[in-house]
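Asks: Can you look at this prediction? I've put the sequence above it.
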Amino acid sequence: MPVDNPGMFRCVDAEWAQDDSHEGDASDAVRAAWLAWRSMSLQVVPRNERPDPTEVVDVARSYLGTPYTWGGVGEGGFDCSGFVNKVFAQLGYDLPRTSREQFKVGVAVASAGLVVGDLVFFTSSPGDARITHVGIYAGEGDLIHAATGKGEVTYDSLRSHYYAQRWVGGRRILALPPGVYSTRTGAARAGVFFENVLAIGEHLGEVDIVYDDDEIGQLILELTEHGEDERPIQLARRGGARVIDEVGPRLLRHDRTGLAMRLGAGRFGGSGGMLAAIEGTYFGDSNALKVMTSAAILLPIGDGNVGNSLAEQWSDAHDFTKLLSKVSYGQPESRFYLDVGRTASATLGQGQLLRNYTPNIVSPVLPSFVSEPDALSLSFAGEVDEGGAELFVDDLFRPQVAAVRLATRPLHHLRLGGEFFRALELSATYAVDSNAPNEPTASGGFTRARVHGLGMTAQLPLLTGDLGLEVYGDCSGLVYPQGAAMGGAVGTSFAADLGGGRHRLRSRFELRVSGASFLPSYFDATYRINRAQAPVADDDTLRTKVALLEALEGGPARWGLYGELAYVWARRLNLGMSFEDGSSLAQVSAAQRHLDRSLMFFVEVQNLYLPQSSRQVHLYLAYHLRNFEELRPLFFSERTNEYIFVAASVDLGRYLSLGGVVRKAARPKSGEVSVDALLDLTLHYEI
């Protein structure tokens, strides 16, 4: 492991690091290797007395939500052993670098004898001999660890099938006094493992700082828990979801394997109802595979026939697609991510054609409680060094809107230019609505048409790493039955990962100019509604979005802007907002004046743990004001272009949680404003 700037690192034995007499016998290489893994972020805080076990958990809890980073020791995140090292370094212990070496320190502990603060060790697969994971026992059958699949420091249960099958053993570090238990190269010191407390005695062994060249090379190779070449393509180098992801209605659930029974009551579509659902969830702790199923039944209260209602909810083969709520494989920002679900908000590329497209923004009940089939969308993203691809399909069983983006880094592929120019990315995007409403018919329906979108984008990162800056330019066009139009945009995006990855800031700003009938972000959050009635200044004008494009033909050019700002703190607090505006450069009639002004913001509190507990609180609020002229009034007004989603849940105990959902939206066909609400109790059992 090369060290570009050894001076930026510190070790516990400062006198040894400054003593030139160690030159020779490969001590320089040993010193460099040791300094390289115990960085400033892992410096040991000297202390004489043993810490209380609760101190270990308190320190560990302070890092909940920190991203999982491959090879991380605190600079931008942790891997599992880096997290353990960080916690114990604050308490005076210099532990070895990897879980395999940490297993060689302390007193052996069986699973039945675990106490708070003990280390717990696991293998990747049942029956394997090689230790690959470590966590800290937090009491009541729980551990705190940097979890690969979840991509963050979090709680998990030792009782779960996954961890019970991979259990290796425990180690009690607090049976030893604070001190140095690793060699200069991150291995375990000799004589620091004991079968029981009585075997400790007064002597903890000697540290050997002299190695031959072959030993040094091998030790340097073993400094990290997992090599970068071991990382599966579906796992991100650093955990953490995209900042603006799902902005529509959804329920809040845990990432854990188990079964649940959810019982709720509320108001749906203007009448009361009760809802019962049996849910099953599988979560792959090591591979980030998630499968969620739900069989939901809505029972009317007061009016309606229960038998007829049940029959209508399961009347044909397509109704049984409701059983599948979500299948996802991988993590956002990884090199491979696949998601099939009902809460998608899709953006491809820079979003000139498809931005935050949310199919189920007004679903029959809620995307997670499906009493009538709604959209089951497919999202895919894949990337290699030379480029990548994205795909979105809505609906998977009855496709209507689809989009694909292909990207390439030509200079990287041809190995031309320096690293800066090799990052230049060129991409092409295609989007289509194969069944867009066009002209009204006498029967109350619409004739149908196809709308195609084509786009070309060039983007170049100016800064990379914890501070990122990118500039881009886009040229896109729309093709519809009676014509075509083009538009362009230039923009910049900024990203900052601060505080060891606990603070993430994202921003974007772009300027647009286009022909008369090009509407940027044509497939937007409320496209499922607005394609049948385009939002124009004249509310009495009933015109489809395709018909509006035709009506704008020959008019003046258009201008526009888009801005986006988001902040994430330790994956517990997620704040985001976006604003876009635009208009014609000259006067047009109210019936032709498309309202481009839209505002969206959301607040999400996730994985917020109650004091001294693994019980969690979740909160989600998303607000959309789409295609408006006047900002006020806000919140629960009679405006049909206002959409509000609020969800909250709290764990009442290990097996019981309380949740609630409120949604305000206009019904797609009638246009009436509806406020739906649900209060539910969920009994869940982790497998």
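Replies: Thanks, I have the structure now. Numbers count the residues shown, from 1 in each chain.

Asks: For the closest residue to E604 other than its chain neighbours, grab the count of nearby residues.
Replies: Excluding its sequence neighbours, the residue lying closest to E604 (C-beta to C-beta, 6 or more residues apart in numbering) is N574, at 4.0 Å. In short, each C-beta sits where N, CA and C put it, glycine included. Neighbour count of N574, defined by other C-beta atoms under 10 Å: 20.

Asks: Double-check that N574 belongs to a helix.
Replies: No. Checked against DSSP: H, G, I helix; E, B strand; the rest coil, N574 lies outside a helix; its state is strand.

Asks: Tell me where the stretch 51-200 of the chain is predicted with low confidence.
Replies: Applying pLDDT under 70 to the stretch 51-200 of the chain picks out residues 75.

Asks: still on that earlier bit, roughly how far apart are the residue nearest to E604 and D339?
Replies: N574 sits 18 Å away from D339, going by C-beta to C-beta, to the nearest Å.

Asks: can you check D385 too?
Replies: Distance from D385 to D339, by C-beta to C-beta: 23 Å.

Asks: A557 now?
Replies: A557 sits 37 Å away from D339, going by C-beta to C-beta.

Asks: can you check T66 too?
Replies: Distance check for T66 against D339: by C-beta to C-beta, it reads 24 Å.

Asks: Looking at these two, which one has more neighbours?
Replies: A count of neighbours by other C-beta under 10 Å puts T66 above the other of T66 and D339, at 26 against 22.

Asks: what residues are up against the more buried one?
Replies: Residues counted as contacts of T66 (C-beta atoms under 8 Å, 6 or more residues apart in numbering) are G77, F78, F83, A146, E152, V153, G500, G501, R502, A570, R571.

Asks: mind listing the helices for this protein?
Replies: All helices of the chain, identified by DSSP state H, fall at 14-18, 27-37, 53-61, 80-89, 99-102, 161-165, 213-221, 306-313, 410-414, 419-422, 527-530, 545-552.

Asks: next one: the fifth one to chain centre, how far?
Replies: Relative to the mean C-alpha coordinate of its chain, helix 99-102 is positioned 29 Å out (C-alpha atoms, centre = their mean, to the nearest Å).

Asks: now what about it, what contacts it?
Replies: With contact meaning C-beta under 8 Å, 6+ apart, helix 99-102 is reached by 80-81, 84-85, 95-96, 119, 121, 130-134, 171, 182, 186-188, 222, 225.

Asks: now do 10 Å
Replies: 79-81, 84-85, 88, 95-96, 119, 121-123, 130-135, 168, 171, 173, 181-183, 185-189, 219, 222-223, 225-226 (C-beta atoms under 10 Å, 6 or more residues apart in numbering).

Asks: mean confidence for the longest strand belonging to the chain?
Replies: Ranked by number of residues, the top strand in the chain under DSSP state E is strand 446-463. Averaged across strand 446-463, the pLDDT comes to 94.

Asks: What residues sit buried inside it?
Replies: By neighbour count with 16 or more other C-beta atoms under 10 Å, strand 446-463 contains the buried residues F446, A449, V451, G453, L454, G455, M456, T457, Q459, P461.

Asks: Pull up the gap between the fourth one and E101, please.
Replies: When C-beta to C-beta is the yardstick, G453 and E101 sit 55 Å from each other.

Asks: ok, now the second one?
Replies: From A449 over to E101 the distance is 65 Å, taken as C-beta to C-beta.

Asks: Could you check how many residues crowd around G113?
Replies: 11.

Asks: Give the bridge partners for the residue nearest to it when sequence neighbours are not counted, please.
Replies: Excluding the flanking residues, the one nearest G113 by C-beta to C-beta, 6+ apart is G170, at 7.5 Å. Judged by DSSP bridges, the bridge partners of G170 are V109, V120.

Asks: count of neighbours near G170?
Replies: With other C-beta under 10 Å as criterion, G170 counts 22.

Asks: can you map out the strands along the stretch 101-250 of the chain?
Replies: Along the stretch 101-250 of the chain, counting by DSSP state E, counting those that start in this stretch, strands occupy 106-109, 119-123, 131-139, 142-147, 152-157, 167-172, 179-180, 193-194.

Asks: Next, format these as JSON lines and append distance to K290.
Replies: Shown next, in JSON lines, are the strands of the stretch 101-250 of the chain (distance: least, C-beta to C-beta, whole Å):
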{"stretch": "strand 106-109", "distance to K290": "32"}
{"stretch": "strand 119-123", "distance to K290": "20"}
{"stretch": "strand 131-139", "distance to K290": "19"}
{"stretch": "strand 142-147", "distance to K290": "13"}
{"stretch": "strand 152-157", "distance to K290": "15"}
{"stretch": "strand 167-172", "distance to K290": "23"}
{"stretch": "strand 179-180", "distance to K290": "42"}
{"stretch": "strand 193-194", "distance to K290": "38"}
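
Asks: Y181 against L119, yeah?
Replies: No. If you go by C-beta atoms under 10 Å, Y181 and L119 don't touch, sitting 12.0 Å apart.

Asks: Find residues that contact each of these two.
Replies: F88, L95, Q102, V105, G106, I173.

Asks: Domain-wise, how is the chain divided?
Replies: 6-230, 258-440+451-686 (automatic domain parsing).

Asks: Least confident of the ones you listed, on average?
Replies: domain 6-230 (a mean of 78).

Asks: more neighbours, Y181 and L119?
Replies: For Y181 and L119, the more surrounded residue by other C-beta under 10 Å is L119, and the numbers stand at 29 against 24.

Asks: got a list of what G560 touches?
Replies: Shown in contact with G560 (C-beta under 10 Å, 6+ apart): 487, 489, 510-514, 518-521, 580-583, 596-597.

Asks: Using ChimeraX, make a named selection holding only the buried ones among these.
Replies: Applying 16+ other C-beta under 10 Å to the contacts of G560, the buried members can be selected in ChimeraX as follows:
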select :487,489,510,512,513,514,518,519,520,521,580,582,596,597
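
Asks: Run a quick neighbour tally on V404.
Replies: Residues within reach of V404, counting by other C-beta under 10 Å, total 16.

Asks: ok, it touching E390?
Replies: Yes. With contact defined as C-beta under 10 Å, V404 reaches E390; the gap is 6.9 Å.

Asks: Overlap in contacts, the two.
Replies: Jointly contacting V404 and E390 under the rule C-beta under 10 Å, 6+ apart are L348, F380, T429.

Asks: Of those, just say which sits nearest to F645.
Replies: Lowest distance from F645 to the shared contacts of V404 and E390 (C-beta to C-beta) belongs to L348, with 23.0 Å.
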